[in-house]
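Trainee: Take this sequence and fold it.
(one chain, ligands or ions: 1)
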Amino acid sequence: MLIAALAALDEIKDIIQIPKSIDFVFEYRLILKLGVLILVILKIMGLNALIALFAFDVAYIMIERITLRVFRMKYDVAVIGAGPAGSMSASKLSSLGYRTLIIDPRDTKKVCAGILTAQYVRKYGINEDLVERELKGSRISFRDIHAQITYRKAVEYSINRESYDSFNLNEAIVAGSDLIKERVSSIEKKESSILIKTKKGSITVDYAIIASGISDLSQLCGGTKKYAFCVQQKKYLKPDDYYEIDLQPGIYSWVAPKKDHVLIGYSSLEGYPDIPGEKGLIPLGPVKKTFSKRLLLAGDAAGFVSPFEGEGLYYSRRSGEIAAETLSDAITGKKSLSDYQLDGKKNLISQHSL
Ligand SMILES: Cc1cc2nc3c(=O)[nH]c(=O)nc-3n(C[C@H](O)[C@H](O)[C@H](O)COP(=O)(O)OP(=O)(O)OC[C@H]3O[C@@H](n4cnc5c(N)ncnc54)[C@H](O)[C@@H]3O)c2cc1C
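Mentor: Numbering: from 1, shown residues only. So this is what the prediction gives:
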């Protein structure tokens, strides 16, 4: 009962997004109430309340540790990172019937212009609630050459990135994935499993998909170490319906129109441009090896983006999908994990040369 009540409380906490300032209430409220209740019962029974309370605390901590270990061992696959790559992998794996756990602290906002390209929309469609602006076309400048492309109908969209991430994660949860909001500190490959450690404990799974973007963790797992440095500013300038790209030697910049403002971004290979704004990294192409024993890399972690303008949303979603399909085929013996390298190359890398 106690454990079920605590688990339910944790679930509620995850769903209603409790502000950090009152987070501790959920950790201690129930334990305190139960402690007081037990004290009262013991008082009535005439036992030494302090000793009994101490015994209760010890028992509680032990039960919590044991249940964490037991319940956390029940997953087939852990997907690390709930960006577009991770949420897509998890949705796919859950819909294929695998017990899937997503691990992401969900404590940082992704810096992104939020442009969904035509190839993305063709493959995955568009949810209107996420759209900030339908794009009529794009303007591209290279040195002093300028071109404007106007679409016959809307094929590209400017979306709200935060809502987009929550939407994709929600789809994975609806498909059956579980989420724990923790940061993975290390991953150990064992003979027949993967041991994942967070500050709060460890989880053993059969396989893991690393979709943690460009992060310390993905780099520990063979992820990309080559990237461009970006700075993006929010400006309350009047947006129009065109996405603008400006390619100049050594610097690449863009203007992404949103509902009531624009995002102006700059990217350089030499370090962060010396401009105030939010910072982010874009990979510069896929890593040589996107799989290893029981592990697959997806999205930015694997370096899957278009090197032309840094488009990564399509590539991260698609690589997350291919990773999940290959993993499923490897589990059922139809393929091996190394096929992910080939499938990724065929479906993603070949498009880079377009
Ligand atoms: C400035 C900028 C603008 C961009 N604009 C566009 C654009 O307009 N269109 C486009 O298509 N692409 C754009 N991109 C690229 C796009 O944002 C990325 O390619 C895409 O977000 C990659 O998705 P992902 O799921 O691989 O990683 P991410 O979106 O980076 O998600 C990684 C997730 O992993 C989690 N994580 C990290 N470390 C850990 C850990 N140790 N344990 C657990 N979880 C962890 C993070 O919290 C995060 O949720 C832009 C990128 C930048 C930097």
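
Trainee: When you work out contacts or count neighbours from here on, use the C-alpha atoms and nothing else.
Mentor: Fine.

Trainee: Relative to Ser94, how far out is Leu295?
Mentor: Leu295 is 17 Å from Ser94, where distance means C-alpha to C-alpha, to the nearest Å.

Trainee: meant to ask about Arg183
Mentor: For Arg183 relative to Ser94 (C-alpha to C-alpha), the value is 21 Å.

Trainee: which one of these two has more residues nearby?
Mentor: Comparing Arg183 with Ser94 by other C-alpha atoms under 10 Å, the one with more neighbours is Ser94, at 22 against 19.

Trainee: Quick one: neighbours of the closest residue to Ser338 other than its chain neighbours, just the number.
Mentor: Spatial nearest neighbour of Ser338, excluding adjacent residues (C-alpha to C-alpha, 6 or more residues apart in numbering): Phe291 at 6.3 Å. Phe291 has 23 neighbours, counted by other C-alpha under 10 Å.

Trainee: what do you get for Asn127?
Mentor: Neighbour tally, Asn127, other C-alpha under 10 Å: 11.

Trainee: In the stretch 201-350 of the chain, where is pLDDT below threshold?
Mentor: Applying pLDDT under 70 to the stretch 201-350 of the chain flags residues 349-350.

Trainee: where do the strands sit along it?
Mentor: Along the stretch 201-350 of the chain, the stretches classed as strands by DSSP state E, counting those that start in this stretch are 201-205, 207-210, 227-235, 242-248, 251-257, 262-268, 278-283, 291-292, 295-297.

Trainee: and the ones you listed as a markdown table, adding distance to the ligand?
Mentor: Output for those, formatted as a markdown table (distance: least, C-alpha to the nearest ligand atom, whole Å):
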| stretch | distance to the ligand |
| --- | --- |
| strand 201-205 | 13 |
| strand 207-210 | 8 |
| strand 227-235 | 5 |
| strand 242-248 | 9 |
| strand 251-257 | 7 |
| strand 262-268 | 6 |
| strand 278-283 | 4 |
| strand 291-292 | 15 |
| strand 295-297 | 9 |
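
Trainee: tell me the most buried of these?
Mentor: Mean neighbours per residue, mean count of other C-alpha atoms under 10 Å, is largest over those for strand 295-297, with a mean of 29.

Trainee: Which neighbouring elements make contact with that strand?
Mentor: Applying 3 or more C-alpha pairs under 8 Å, 6 or more residues apart in numbering; DSSP states H and E, one finds that strand 295-297 contacts strand 207-210.

Trainee: residues contacting Tyr242?
Mentor: 135-139, 256-257 (C-alpha atoms under 8 Å, 6 or more residues apart in numbering).

Trainee: Mind doing that once more with 10 Å?
Mentor: Applying C-alpha atoms under 10 Å, 6 or more residues apart in numbering to Tyr242 gives the contacts 133-140, 148-150, 156-158, 255-257.

Trainee: what do you get for Lys334?
Mentor: With the criterion set at C-alpha under 10 Å, 6+ apart, Lys334 makes contact with 326-328.

Trainee: could those be laid out in a markdown table, adding neighbour count and distance to Gly310?
Mentor: Listed next are these as a markdown table, based on neighbours: other C-alpha atoms under 10 Å; distance: C-alpha to C-alpha, whole Å:
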| residue | neighbour count | distance to Gly310 |
| --- | --- | --- |
| Thr326 | 23 | 25 |
| Leu327 | 28 | 27 |
| Ser328 | 20 | 29 |
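
Trainee: Which members of those occur in helices, if any?
Mentor: Under the assignment DSSP state H, the contacts of Lys334 contribute 326-328 to helices.

Trainee: Roughly how far does Pro239 sit from the ligand?
Mentor: 15 Å (C-alpha to the nearest ligand atom, to the nearest Å).

Trainee: pretty sure that residue is touching Ile264, no?
Mentor: No: with contact defined as C-alpha atoms under 10 Å, Pro239 does not reach Ile264; the gap is 11.0 Å.

Trainee: Quickly list what's touching both of those two.
Mentor: 255-257.

Trainee: ok, Gly81 - how many residues close by?
Mentor: 27.

Trainee: Now do the contacts for it.
Mentor: So Gly81 contacts 87, 90, 102-106, 181-184, 209-213, 218, 298, 301 (C-alpha under 10 Å, 6+ apart).

Trainee: Show me which of those are buried.
Mentor: Applying a neighbour-count criterion of 16 or more other C-alpha atoms under 10 Å, the buried members of those are 87, 90, 102-104, 182-184, 209-213, 218, 298, 301.

Trainee: Helix or strand: which one has Tyr164?
Mentor: According to DSSP states H and E, Tyr164 maps onto helix 161-175.

Trainee: Now do the buried residues in that helix.
Mentor: For helix 161-175, burial by neighbour count (16+ other C-alpha under 10 Å) applies to 161, 164-173, 175.

Trainee: Going by distance to Ile275, which of the residues you listed wins?
Mentor: Among the buried residues of helix 161-175, Arg161 lies closest to Ile275 (C-alpha to C-alpha), at 22.1 Å.

Trainee: And His146, how far from Ser267?
Mentor: 19 Å.

Trainee: my bad, should have said Cys112
Mentor: Distance from Cys112 to Ser267, by C-alpha to C-alpha: 12 Å.

Trainee: Need the overlap of contacts for those two.
Mentor: By C-alpha under 10 Å, 6+ apart, the residues touching both Cys112 and Ser267 are 230-232, 279-282.

Trainee: and these, which two are the farthest apart?
Mentor: Gln232 and Ile282 (12.3 Å).
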